[in-house]
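A.B. asks: got a sequence here, can you build the structure:
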Amino acid sequence: MAKTTEKRRPPVKKTAPAVQSTPASPGLDPQLLRRAVVERVHPEVDAGRFPIKRTPGEEVVVSADVFTDGHDTLAASLLYRQAGAPGWTEVPMQALGNDRWQARFVVDALGGYEYTAEAWIDRFGSWRHEVSKKVGAGQEVKSELLEGAALLREAAERARGDAPDDSRRIGETAGVLGDDTLPQAQRVAQALTESLETLMARHADRSRATRYERVLQVMVEPERARFGAWYEMFPRSAGPDPNRSATFEEAADRLPYIAAMGFDVLYLPPIHPIGRSFRKGRNNTLDPGPDDVGSPWAIGGEAGGHDAVEPGLGTIEDFDRFMEAARRQGLEVALDLAYQASPDHPYVRQHPEWFRQRPDGTIKYAENPPKKYQDIYPINFESPEWQVLWQELKRIIEFWIGHGVKIFRVDNPHTKPFRFWEWALGEIKKAHPETIFLSEAFTRPKVMRYLAKSGFSQSYTYFTWRTAKDEITEYFTELTRTDVREYMRPNLFANTPDILHEYLQHGGRPAFQIRLILASTLGASYGIYSGYELCEHVPVKPGSEEYLDSEKYQIRVRNFDQPHSLAELIRRMNMIRRDHPALHRDRGLRFHQTDNPKILCYSKRSPDGSDLILVIVNLDPHHMQHGFVQLPLTAWALPIDGGLQVLDLLANERYYWRGEWNYVRLDPQARVAHVLHVQLPPLPPQDDSPLPLQG
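C.D. replies: Numbering: from 1, shown residues only. Predicted coordinates:
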């Protein structure tokens, strides 16, 4: 059979289908190639609207969700800088698992800091991971090594300008990876060294990195904004004669007594001239006598207004000498800032438009129905001349800063516009980052928190009214374990000239001891009002929280040298606070179980775990209470049946405890609390994650 020959057709050359050219403009933004996702950065207050707060030397621990599509390896950095600095300092973020990443930095200067996070596809890391897997499975990686060499050459080019030595080393390694005459094992070994990984991370391709959408803020304030003991004193009562105001010179004689109790801050109510019109008499009567001194909060008279001194106290030069005397005693002076005016204030005559006018032409006085404050005119922050007014009120702060005052307790800030505080405090802190502002606002929780966000360094709290175990536990868990802690620093005043809680009215001397120990250990900042050490407890009438013969309306000359005085206990507590870093911060607070609802147990530890204070308090000032407390031995890195040694810092007694549950007995007539220093080995890191805020 004849063989036939088939004529072959020439091969058809395949060409790719034509791709229609697309203009660059219609929506193909290069940002679309940024595959990494960065979200849920913490800490962050109201989507970055407000800063978090720290003091020098404190850490900012930043976490974020970082992920991408597919299985590529990611890298992420925390970026931070002082506000206004031209460049960022970077800290590599570490993966915690479940796409959560974390890094931290330390703030070391007063003023503002900024931070954000950035993530990118780590192409070298992805390649390195792939090669490791394949080599581990015994596969050939000839092609992969060539790909790696190309990645290294690109990195060497990126490093050429800023880091020529790095560029040279990366380039040399690229040559090894690309040399197919060398054994594969040698080339792989070069590819997987830690030194190469470090070099490549330093010069990663971040052209398509994703940066978090917001730059977040930190406000760094002085240490005293975080930790301190406050003592409130009316200087006019610090003299020998109850029939006249003491002078600043006489008030200075009380400073060694206050300093000896271990206080850091001496807080003075308003020291300005007091108006005579509608002046209040003793116990807030509307019929004052000719010698009644009036309320210091009725600011302004013939001698001047907010930038003047009440003549009974002396002159501005006398105040300057008082400030110097306080500094010699180691005391910082806080001044009351009360934006209101008596009818006799120069503002009323010079700027009547700064006040609210009634239809009959009179100025509206202050009211908090049913209370009336006829001796006070509120300032109208929405006056047609509001800009001039706001600048004047800021000037008042600057005036007292010029006389050495760096701490201000602000009276009723919740009755003034939030925007005013945000502006005024922001401007002041730009020029004077050393200043501290305490918000006196016993108001609704959200309002109290918003004031803290608006720039106040510290805040009064509801501590005065939290007396039961469950109330204290719930409230202080909120203050120290939720995101509130990022911007609101509590200052726990055990009493004030306005507030004598019924617990103190009826609990006797043990009640004052209990509340002192709670305030000074639950809070890194706390305060008492003069007379607390003498257990003053008589209200003006049943059911009232006002003091009888309130110092707000009269001079109260006290004999502080009394046998029942708590001055020694106060001194001891303040020394314990100074000696133990665990009590310098609020975040280390943890509550522990007890089997008696009248016994409260909690601990505080320092950030490095080296100092641990355990406090056990009998909340019942009338009766002995006893029971068992449960110690978190596992969290303290102790065996569940292990023993530990504790030293009572108040009684200087040592106890040896064993196991989780230990017995305590507290008779308020003998002792109301144990303040124990726990002798432990170094503690492991503690989970400091915030809890969700309820309500």
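
A.B. asks: ok, longest helix in this structure?
C.D. replies: Ranked by number of residues, the top helix in the chain under DSSP state H is helix 142-159.

A.B. asks: show residues contacting that one.
C.D. replies: For helix 142-159, the surrounding residues in contact (C-beta atoms under 8 Å, 6 or more residues apart in numbering) are 123-124, 127-128, 130-131, 134, 166-168, 170-171, 173-175, 177-178, 180, 184, 187-188, 191, 199-200, 202-205. For every residue, glycine as well, the C-beta is placed using N, CA and C.

A.B. asks: mind listing what's buried along that helix?
C.D. replies: 144-145, 147-149, 151-156, 158-159 (16 or more other C-beta atoms under 10 Å).

A.B. asks: which elements pack onto the lowest-mean-pLDDT helix or strand in the chain?
C.D. replies: Lowest on mean pLDDT, DSSP states H and E among the helices and strands of the chain sits strand 371-373, with a mean of 77. Based on contacts counted as 3 or more C-beta pairs under 8 Å, 6 or more residues apart in numbering; DSSP states H and E, the elements that strand 371-373 packs against are strand 366-368.

A.B. asks: so for the strand it packs on, mean pLDDT?
C.D. replies: Strand 366-368 carries an average pLDDT of 81.

A.B. asks: adjacent strands (with direction) for that strand?
C.D. replies: Using DSSP bridges, the strands paired with strand 366-368 in its sheet are strand 371-373 (antiparallel).

A.B. asks: give the partner strands of the very next helix or strand once past the partner strand in its sheet and their orientations.
C.D. replies: Going down the chain from strand 371-373, the next helix or strand is strand 377-378, by DSSP states H and E. If you go by DSSP bridges, strand 377-378 pairs up with strand 340-341 (antiparallel).

A.B. asks: outline the domain layout of this structure.
C.D. replies: 30-220, 223-339+385-584, 590-679 (automatic domain parsing).

A.B. asks: which of those domains sits most buried?
C.D. replies: Mean neighbours per residue, mean count of other C-beta atoms under 10 Å, is largest over the domains of the chain for domain 223-339+385-584, with a mean of 19.

A.B. asks: could you work out the end-to-end span of it for me?
C.D. replies: One end of domain 223-339+385-584 to the other measures 9 Å (C-alpha to C-alpha, to the nearest Å).

A.B. asks: next: stretch 590-608.
C.D. replies: So stretch 590-608: terminal residues 15 Å apart, C-alpha to C-alpha.

A.B. asks: tell me the mean pLDDT over it?
C.D. replies: Confidence over stretch 590-608 (mean pLDDT, whole number) is 97.

A.B. asks: quick check: closest non-adjacent residue to residue 48.
C.D. replies: residue 214 (4.1 Å; C-beta to C-beta, 6 or more residues apart in numbering).

A.B. asks: tell me the SS of that neighbour?
C.D. replies: Three-state call for residue 214 (DSSP: H, G, I helix; E, B strand; the rest coil): coil.

A.B. asks: pretty sure it sits against residue 45.
C.D. replies: No: look at residue 214 against residue 45 with C-beta atoms under 8 Å: they stay out of range, at 11.0 Å.

A.B. asks: cool, thanks, signing off.
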